[in-house]
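A.B. asks: Need a 3D model of the sequence below.
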Amino acid sequence: MTTLTLTSFLTLDGVMQAPGGPTEDTSGGFEQGGWVVPYADADMGAFVARTIGAAEGFLLGRRTYEIFAGHWPAVTDPDDPVAAKLNTLPKYVASRTLSSVEWHNSTLLAGDVPEQVAELKKRPGGELQIHGSGALARSLMEHDLIDVYRLLVYPVVLGNGRRLFADGALPTALKLTDSTTTGTGIAIHTYEWEGRPEYGSMELRDE
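C.D. replies: Numbers count the residues shown, from 1 in each chain. Predicted coordinates for the structure are as follows:
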């Protein structure tokens with residue numbers, strides 16, 4: 001069985017929109033893109049390289065695919081650990097608007113994406129990785145399809161922007177399996193899916 005993992009950059013208030021640059025995603029009038037840049041350091045780079053090094057394929061939403069396809073094919077250094085994986089491994093693209101995908105080894109998913117992803121997970125293999133792709137990730141969370149969450153939480157609050165865990169998200173319990181902090185204060189947490197949350201009460205009772 002293939003493991004479906006999600007890697008996402010988040011602010012302390014849960015925003016994931018446009019982490020990499022001011023023009024990356026201005027939808028909804030968002031004007032605070034590029035908020036990860038002041039915190040990027042060698043620790044962050046090493047984590048990203050290790051994560052992508054474990055991939056056997058990628059599952060991307062339309063916007064993330066277009067951002068990646070506009071950059072990584074031009075990085076031709078065979079020793080670049082990120083480019084080498086992204087440019088060669090299978091890439092599955094979920095989009096209602098694209099009619100074709102030209103980046104090497106890319107396949108367009110049309111129709112019922114959660115159903116197709118469930119079929120991909122039945123194949124033998126290691127990790128099928130989602131990076132960014134918030135709308136896609138949220139749709140798959142609704143079907144309990146994501147097995148591992150790698151969340152990089154940056155020490156910044158933006159106050160607005162698209163969030164990974166939006167209002168109305170399916171209640172889900174996660175198990176923390178790893179946690180580390182970079183030199184610039186990025187808290188990197190790895191969680192495994194566990195199912196539905198359990199509930200209790202902290203109510204004080206008279207003895």
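A.B. asks: Please list all residues in contact with residue 172.
C.D. replies: 141, 144, 193-197 (CB atoms under 8 Å, 6 or more residues apart in numbering). Every C-beta, even on glycine, is put in place using the N, C-alpha and C of the backbone.
A.B. asks: And the strands in the protein?
C.D. replies: 3-11, 55-61, 91-94, 106-109, 127-131, 148-154, 173-181, 187-195 (DSSP state E).
A.B. asks: Quick one: closest of these to residue 85.
C.D. replies: With CB to CB as the measure, strand 55-61 is the member of these nearest residue 85 (5.5 Å).
A.B. asks: Do me a favour and average the pLDDT over that closest one.
C.D. replies: Averaged across strand 55-61, pLDDT comes to 97.
A.B. asks: want to try TSV for the strands of the chain, with distance to residue 38 as columns?
C.D. replies: As requested, the strands of the chain are arranged in TSV below (distance: least, CB to CB, whole Å):
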stretch	distance to residue 38
strand 3-11	12
strand 55-61	26
strand 91-94	30
strand 106-109	32
strand 127-131	21
strand 148-154	9
strand 173-181	16
strand 187-195	15
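A.B. asks: Which neighbouring residues are in contact with residue 171, exactly?
C.D. replies: 196-197.
A.B. asks: Quick check: pLDDT value at it.
C.D. replies: Residue 171 is given a pLDDT of 97.
A.B. asks: Let me have the strands of the chain in CSV, extended by distance to residue 167 and mean neighbour count.
C.D. replies: Compiled in CSV, the strands of the chain are given as follows (distance: least, CB to CB, whole Å; neighbours: other CB atoms under 10 Å):
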stretch, distance to residue 167, mean neighbour count
strand 3-11, 16, 21
strand 55-61, 20, 23
strand 91-94, 22, 23
strand 106-109, 26, 16
strand 127-131, 21, 23
strand 148-154, 18, 20
strand 173-181, 18, 12
strand 187-195, 20, 16
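A.B. asks: Put the alpha carbons of the helix of greatest length in the chain into CSV.
C.D. replies: Using DSSP state H, we find that the single longest helix of the chain is helix 42-53. The C-alpha trace of helix 42-53 is given here as CSV (Å, rounded to 0.1, in the frame of the first residue of the first chain):
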residue,chain,number,x,y,z
ALA,A,42,19.8,25.4,6.3
ASP,A,43,17.6,23.4,8.7
MET,A,44,14.5,24.0,6.7
GLY,A,45,16.3,23.2,3.4
ALA,A,46,17.6,19.9,4.9
PHE,A,47,14.2,18.9,6.1
VAL,A,48,12.6,19.6,2.7
ALA,A,49,15.3,17.7,0.9
ARG,A,50,14.9,14.7,3.2
THR,A,51,11.2,14.7,2.8
ILE,A,52,11.2,14.9,-1.0
GLY,A,53,14.0,12.3,-1.0
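A.B. asks: Quick one: list the elements packing against that helix.
C.D. replies: helix 81-88, strand 148-154 (3 or more CB pairs under 8 Å, 6 or more residues apart in numbering; DSSP states H and E).
A.B. asks: redo that, cut-off 7 Å
C.D. replies: Applying 3 or more CB pairs under 7 Å, 6 or more residues apart in numbering; DSSP states H and E, we find helix 42-53 packed against helix 81-88.
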